[in-house]
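In: The sequence isn't on hand, but the structure is:
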């Protein structure tokens, strides 16, 4: 069943369910344990990327059927989950969505291959359902930008000289690009003109940036809410925006804590306190707000309709998570 | 410069060089260290998969230019090297082609992303240079078969009940499928009919099977020849064909050694001795010979020409490595 965020949009909830079904039917591996794991990972999530794709495919002049759209919606979630699985291996994260990660349960070997397999399903679906011209348009650069974003993350890792600019560049690739791809692919498949495609791409980018920053901010909250172990990233030298803002501000106290060889629980609490007391957390919230405001401004210029109303509400609900 | 196996075929050597150049020009990541590593990994190898693709693209009625062919040849090597990099992370292999593996030198994170990046380059190149109809024909199943082969490997790992049938199924996916893809893509792009495509696919499969078994047999040789640490696989519970044949034969001596919790050098030498003394190594050589004979028989039915002569010689040279 679709995630509860779709309760208000039952029609979208049904399409999300059909997208999940499509993914599950596509899994044709003999290894049942891994197939089951992938099924779990692609069930009950918010499925934001497929949803954005479906919403944006209503804005162009060509009306496509769900038979044409659902596979492409599914492909975006496949790509997303593939990168999640590989990220979890790399970061050695024990939990994802409150469940053990693939590599924790089935070992790194299976996790790497499961990710590769899902990448493959993504490309297979794209090459079957997306016209070649649109493939080149939407696909050529996106995947690479995502991976280059991941590689750029290394430049920030354990780097107390990291700046907000480096962080934004990384997130633009790592998270926002997949949102851009989803919105842009929707505009493209529905025959949108150059202006609509460019606008959709920008909206996807801004929502993606806001989304990642909000995720960073929620990391300050209770780990039971997000299903992720709290401060795990910080221990791995992965600095989220509130910390980056402190580092960029050359906050001596923060630099001194984060420069330690290994962070114990006291260090982590201390770093969090510094970030809150100096207003870096609020500053990060302000930046997320700015991104979502920009997105809403652009959304206002999209063609009217119930999809536009839903889009507005979804963006506002995302913001509500940190207000 | 192209590998020395192309010395006898200078025209092919030049096309291989151009293929390498295409790969190097495609690398557009900011991370220069990793770009350099990928360049090293795609230089000086035998480049058999691109070569088979180029050879088979001469057998159909449509004559394509190198401008159309070289990118596709390059894509096959990209796909090959992507799987190598991930395999090395998974097996924790320290060396590849006598050089430190990506993950040894740059860490697992970079290795996983570098592999993902190369998968992406593969798909990007395919979606740009291969007509969509051929994409669906050649591509849809191949990549998945390769990955499913890799996952099947787990069924054999540390499994003293492994059979030759399980081994063949795994190798059919893991190694032979990429050779099939190369030969079949060549036949397809050159407008070959159903018969030529099917024949090319079978030849690729048989060469691939022979190639993997020969590789297994060479593992018995000096590690300095193959650039791989000797018997590393055995220690990791990855059984090559000679061992599998002994296990299938229910050789009690071999089962007893391989059932130990950890194999020391004496155990490994003992296992190798058992395999040689009981003729399993020779049996494996016989199977490789059978595969290459089948391939040569099918090659005889291909259109005449200098490419056919070269193909015959290459297959014979591969076999010579174990004679």
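Out: Yep, it's here. Values in this document were obtained by computation on a predicted structure and should not be read as measured data.

In: Can you tell me which residues in the stretch 1-150 of chain A are near chain B?
Out: A:28-31, A:34, A:83, A:86, A:89-90, A:108-110, A:112-113, A:115-117, A:119-121, A:123-124, A:126-128, A:131-132, A:135-136, A:139-140, A:143-144, A:147-148, A:150 (CB under 8 Å from any CB of the partner chain). Glycine gets a C-beta too; all of them are placed from N, C-alpha and C.

In: Give me the residue ranges of the stretch 151-300 of chain A where confidence is low.
Out: A:151-155, A:221-232 (pLDDT under 70).

In: Sketch out the helices for it, chain order is fine.
Out: Ranges of helices in the stretch 151-300 of chain A, per DSSP state H, counting those that start in this stretch, are A:164-171, A:177-189, A:194-218, A:223-226, A:232-235, A:241-248, A:252-258, A:265-277, A:280-300.

In: now, of the ones you listed, which is deepest in the fold?
Out: helix A:177-189 (a mean of 28; mean count of other CB atoms under 10 Å in any protein chain shown).

In: Is it in proximity to chain B?
Out: No - using CB under 8 Å from any CB, helix A:177-189 never reaches chain B; the gap is at least 12.1 Å.

In: Which other helices and strands does that helix contact?
Out: Counting contacts by 3 or more CB pairs under 8 Å, 6 or more residues apart in numbering or on different chains; DSSP states H and E, helix A:177-189 is packed against helix A:48-56, helix A:66-91, helix A:132-134, helix A:140-156, helix A:194-218.

In: So in chain A, which helix runs the longest?
Out: Ordering each helix of chain A by length in residues (DSSP state H) puts helix A:102-129 first.

In: and it, which residues are buried?
Out: A:102-104, A:106, A:108-127, A:129 (16 or more other CB atoms under 10 Å in any protein chain shown).

In: re earlier: so can I have JSON lines of the helices and strands packed on helix A:177-189 showing distance to residue A:278?
Out: Listed next are these as JSON lines, based on distance: least, CB to CB, whole Å:
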{"stretch": "helix A:48-56", "distance to residue A:278": "32"}
{"stretch": "helix A:66-91", "distance to residue A:278": "27"}
{"stretch": "helix A:132-134", "distance to residue A:278": "47"}
{"stretch": "helix A:140-156", "distance to residue A:278": "20"}
{"stretch": "helix A:194-218", "distance to residue A:278": "15"}
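
In: so how far is residue A:108 from residue A:121?
Out: Using CB to CB, to the nearest Å, we find residue A:121 at a distance of 20 Å from residue A:108.

In: cool, residue A:194 as well?
Out: As judged by CB to CB, residue A:194 and residue A:108 stand 44 Å apart.

In: Residue A:206 is in contact with residue A:291, isn't it?
Out: Yes - in this structure, residue A:206 is within contact of residue A:291 by CB atoms under 8 Å, at 4.9 Å.

In: Wait, residue A:202 touches residue A:301, no?
Out: No - under the criterion of CB under 8 Å, residue A:202 is not in contact with residue A:301, lying 10.5 Å apart.

In: Now for the nearest residue to residue A:321 once chain neighbours are set aside: which residues touch it?
Out: Of all residues not flanking residue A:321 in the chain, residue A:214 sits nearest, at 5.8 Å (CB to CB, 6 or more residues apart in numbering or on different chains). Applying CB atoms under 8 Å, 6 or more residues apart in numbering or on different chains to residue A:214 gives the contacts A:288, A:318, A:319, A:321, A:322.

In: so the first one touches residue A:217, yeah?
Out: Going back to what we said before, that points to residue A:288. Yes - at 6.8 Å, residue A:288 and residue A:217 qualify as touching, with contact defined as CB under 8 Å.

In: and for those two, which residues touch both?
Out: Common contacts of residue A:288 and residue A:217, defined by CB under 8 Å, 6+ apart, comprise residue A:322.

In: Tell me who's in contact with residue A:265.
Out: With contacts taken as CB under 8 Å, 6+ apart, residue A:265 has no neighbouring residues.

In: Could you check how far it is from chain B?
Out: Distance, residue A:265 to chain B, by CB to the nearest CB, to the nearest Å: 25 Å.

In: separation between that residue and residue B:202?
Out: With distances taken as CB to CB, residue A:265 is found 62 Å from residue B:202.

In: And for residue A:206?
Out: Residue A:206 sits at a distance of 52 Å from residue B:202 (criterion: CB to CB).

In: Spatially nearest residue to residue A:313 (excluding sequence neighbours)?
Out: residue A:8 (7.4 Å).

In: And what about the one you found, helix, strand or coil?
Out: What DSSP: H, G, I helix; E, B strand; the rest coil gives for residue A:8 is coil.

In: Wait, it touches residue A:314, no?
Out: No - contact criterion CB under 8 Å: residue A:8 and residue A:314 do not qualify, at 9.5 Å.

In: neighbour-wise, which of these two wins?
Out: residue A:314 (22 against 12; other CB atoms under 10 Å in any protein chain shown).

In: which residues sit against the host helix or strand of that one?
Out: Per DSSP states H and E: residue A:314 is located in helix A:306-320. Defining contact as CB under 8 Å, 6+ apart, one finds that helix A:306-320 is touched by A:5, A:8-9, A:12, A:48, A:51, A:55, A:58-59, A:207, A:210-211, A:214, A:288-289, A:292, A:295-296, A:299, A:302.

In: What pLDDT is listed against the nearest residue to residue A:289 once chain neighbours are set aside?
Out: Of all residues not flanking residue A:289 in the chain, residue A:319 sits nearest, at 6.7 Å (CB to CB, 6+ apart). Here the pLDDT value assigned to residue A:319 is 87.

In: Ok, residue A:85 next?
Out: At residue A:85, the model reports a pLDDT of 86.

In: what does residue A:20 give?
Out: 95.

In: ok, it - contacts?
Out: By CB under 8 Å, 6+ apart, the neighbours of residue A:20 are A:2, A:42, A:43, A:47, A:74.

In: I'd say residue A:55 and residue A:186 touch.
Out: Yes - applying CB under 8 Å as the test, residue A:55 and residue A:186 come out as touching, 6.7 Å apart.

In: Chain neighbours aside, what residue packs nearest to the residue of the stretch 201-323 of chain A found nearest chain B?
Out: Going by CB to the nearest CB, chain B is nearest to residue A:236 of the stretch 201-323 of chain A, at 10.2 Å. Of all residues not flanking residue A:236 in the chain, residue A:91 sits nearest, at 5.8 Å (CB to CB, 6+ apart).
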